[in-house]
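**Q** This is a predicted model, with the sequence first.
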Amino acid sequence: SSSASSAAAAAESAAAAAEATVVLGRVDDGEERRAVAELAENESLRFSMELEFVQLLGNPFYLQHLAQSKVFEDERFVRYLKYLLYWKQPQYIKFISHPHCLYFLELLQRVEFRNQLKRSEYVDFVHSNQFYHWKFWRWNRFNEQQQQQERQLQQQQQQKQQQQQENTIQSASVGAKRKAPE
């Protein structure tokens, strides 16, 4: 899966580099071809490194390490975290295999969250919540689906009962009209 996503990223980068060559009107000689290949290789490497880094953000203990190393106090790094939000876009999100990293990336935009990550108790709390989410997510979704199906069944039964009552009332009114003397 990782090699497939890397290959797709490399293909996208190569396509972008080729498009840049056409747009800039470069002459297709050997030196230019090497420059385009180098650009594509650099873009592919950048894509892979950013993907790996974003997915590392799904680990609360890594986030704690970053917080305790005072990396979050550097404005340039905070701006970099903001830049990385592009991974939430559909054309990039398909490469993410650990979706929690995007949730944490979103939380890292808040100063309070970044500051709390310095505390071990908070990181343990975040980690345990993450664990329980993974453990019970499927079960909770199953229960929600069952409850929704039960509600739909109840609604259908109520609609049937209403229809039967309406039919009974109509039948009674038609029967009363027939028996009424003229």
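**A** All right, it came through fine. What you see is a predicted model; the values in this text were computed from it and never measured. Numbering: from 1, shown residues only.

**Q** and R79, helix, strand or coil?
**A** Secondary structure, DSSP: H, G, I helix; E, B strand; the rest coil: R79 is helix.

**Q** can you start the count at 809 instead of 1 from here on
**A** I'll keep to 809 as the first residue from here, and by that count the last item is R887.

**Q** how many neighbours does it have?
**A** When neighbours are counted by other Cβ atoms under 10 Å, R887 registers 10. To be clear about C-beta, it is placed using only N, CA and C from the backbone, and glycine gets the same treatment.

**Q** and it, what is it in contact with?
**A** Listed by Cβ atoms under 8 Å, 6 or more residues apart in numbering, the contact set of R887 is empty.

**Q** Look up how far S936 lies from it.
**A** As judged by Cβ to Cβ, to the nearest Å, R887 and S936 stand 31 Å apart.

**Q** ditto for S877
**A** Going from S877 to S936 by Cβ to Cβ gives 23 Å.

**Q** How about E883?
**A** Applying Cβ to Cβ, the value for E883 to S936 is 31 Å.

**Q** Verify the stated contact: V879 with Y888.
**A** No - if you go by Cβ atoms under 8 Å, V879 and Y888 don't touch, sitting 9.9 Å apart.

**Q** And the two? Which one has more around it.
**A** Applying other Cβ under 10 Å to V879 and Y888 shows that V879 carries more neighbours, namely 16 against 13.

**Q** which one is that one nearest to, not counting chain neighbours?
**A** Take V879 and drop its neighbours on the chain: the residue closest to it by Cβ to Cβ, 6 or more residues apart in numbering is F885, 5.4 Å away.
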